[in-house]
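Asks: here is the input, now give the coordinates:
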Amino acid sequence: MKKIYFDQASTTFPKPQAVPDAMYRYMTQIGSNINRGSYEKAYQTEEAVYETRQMLCRLFGGQDCKNVVFMKNVTESLNVILKGFLKPGDHVITSSMEHNAVMRPLTQLARQGVEFTRVPCRRDGTLPAETLVHFLKPNTKAMVMTHASNVCGTLLPIREAGEFCRAHGLLFFVDSAQTGGVYPIHMEEMKIDALAFTGHKGLLGPQGIGGFLLRDGLALQIEPLLSGGTGSISHTEEIPDFMPDRYEAGTMNLPGILGLREGLRFLESTGIDRIREHELRLTGRFLTGLHGLDNGGRRLRIVGKDGTDGRTGVVSIQLLDQDIAGAAWELDETYGIMTRVGLHCAPSAHQTLGTYPTGTIRFSFGWWNNEEEVDQALHALSLVLERQGDRWN
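Replies: The predicted structure follows:
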């Protein structure tokens with residue numbers, strides 16, 4: 001039985017072949033660190049890392065590639081940004097659609113005297129930007145927001161939020177986990193002060209590599225979460241005050257960075273507009289098919305926005321009076337349709353969407369999926385719904 005992968009929002013698969021090839025080549029033919037060895041292989045690796053910074057800066061509209069910092073993922077990056085900037089007595093605004101990569105650091109900081117407010121989003125996941133002003137306080141210092149929900153795919157108004165933050169003297173931090181490499185992001189135009197990214201989703205790289213970009217002048221306002229050897233100014237035990245060394249402590253994930261570089265090259269040659277259009281075409285086809293399966297709204301509910309406008313290639317469904325875990329298991333075991341089921345590390349979003357505590361079955365589409373696979377998923381889901389319904393009746 002052929003397996004069909006519809007969990008692209010968790011991690012994209014497969015990767016461009018050049019990604020594992022570059023990682024294997026590094027591990028078997030190069031192997032050296034950077035900022036340490038004074039020999040040709042080390043310099044070549046350092047040049048590859050620098051090129052990757054340049055590509056990320058270009059993709060995300062950053063000011064300077066030295067402001068690109070490599071971490072493991074978005075979660076680690078958000079922890080560095082939030083815990084390094086916010087102090088007891090500060091207030092931060094966020095949305096009710098956030099992933100735990102935002103909510104857990106904020107909840108942890110709240111026990112240390114940092115206050116946060118969730119802006120209520122609508123039942124389809126949209127955030128009314130005109131309401132942001134009502135959540136300002138005298139001690140508000142920043143706003144942190146995801147660009148798109150990992151649960152239902154709804155896009156949040158990043159550009160409007162950036163304008164709001166700039167107008168009120170707030171810093172603006174953005175989680176791009178669900179949109180980087182698929183949707184246009186320009187830090188300067190969108191007034192983004194810090195952008196967290198991950199390499200293994202839309203950027204088509206491997207797991208374990210991600211990072212963040214900062215606006216010029218912000219580095220000294222964010223205290224590093226980690227410190228250690230960087231290979232630079234080794235004569236002092238103080239943390240460097242310059243980018244990117246201020247935040248990149250210890251040995252870097254060089255195989256991951258070189259793999260990420262190949263993912264970025266694929267994006268540049270293919271075009272993110274083309275990738276996005278493909279994903280949304282599949283999403284539209286799937287949504288249309290779901291309407292034919294819902295039996296007048298008695299079998300399932302499409303979570304979030306009903307069409308493809310203002311959303312990513314993520315579709316979550318709520319099964320009415322049926323067991324979603326059993327349905328997801330049968331989709332995989334009997335029909336080879338791989339999905340994600342549950343709360344997707346985003347309980348706040350599920351509460352907003354009305355799917356808490358049971359969660360949803362999530363289908364997410366990527367560049368290597370096709371229309372035939374979407375139709376197979378719809379057919380399999382129709383059979384599962386019939387059998388699941390028989391069991392419950």
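Asks: domain assignment for this structure?
Replies: If you go by automatic domain parsing, the domain ranges for the chain are 4-13+272-392, 18-270.
Asks: under the pLDDT cut-off, which ranges of the protein? List them.
Replies: Counting by pLDDT under 70, the ranges of the chain that qualify are 35-37, 231, 296-297, 388-393.
Asks: mean neighbour count added to the domains of the chain, as CSV?
Replies: Glycine gets a C-beta too; all of them are placed from N, C-alpha and C. Listed next are the domains of the chain as CSV, based on neighbours: other C-beta atoms under 10 Å:
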stretch, mean neighbour count
domain 4-13+272-392, 18
domain 18-270, 19
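Asks: would you map the strands across the chain?
Replies: Secondary structure of the chain by DSSP state E: the strands cover 4-5, 68-71, 91-95, 115-119, 140-146, 171-175, 194-198, 210-214, 300-303, 314-319, 337-338, 340-342, 360-364.
Asks: strand partners (parallel or antiparallel) of the fifth one?
Replies: Think strand 140-146. strand 91-95 (parallel), strand 171-175 (parallel) (DSSP bridges).
Asks: list the contacts of that strand.
Replies: Applying C-beta atoms under 8 Å, 6 or more residues apart in numbering, the contact partners of strand 140-146 are 78, 81-82, 85-86, 90-95, 97-99, 102, 106, 127, 132, 156, 158, 161, 164-165, 168, 170-175, 177-178, 193.
Asks: the third one now?
Replies: Applying C-beta under 8 Å, 6+ apart, the external contacts of strand 91-95 come out as 82, 86, 102-103, 106, 114-119, 121, 127, 132, 135-137, 139-146, 156, 170.
Asks: try 6 Å this time
Replies: If you take C-beta atoms under 6 Å, 6 or more residues apart in numbering as the criterion, strand 91-95 is touched by 115-119, 121, 127, 135, 137, 139-140, 142-145.
Asks: relative to residue 25, which of the strands of the chain is closest?
Replies: Relative to residue 25, the nearest member of the strands of the chain by C-beta to C-beta is strand 68-71, separated by 19.3 Å.
Asks: ok, which stretches of the chain are helices?
Replies: Secondary structure of the chain by DSSP state H: the helices cover 18-25, 40-60, 74-85, 100-110, 158-167, 187-190, 254-270, 272-291, 324-335, 347-353, 371-392.
Asks: between those, which gets nearest to residue 31?
Replies: helix 40-60 (7.6 Å).
Asks: neighbouring contacts of stretch 288-304?
Replies: The contact list for stretch 288-304 (C-beta under 6 Å, 6+ apart) reads 124-125, 152-154, 316-319, 353, 355, 360, 378, 382, 385.
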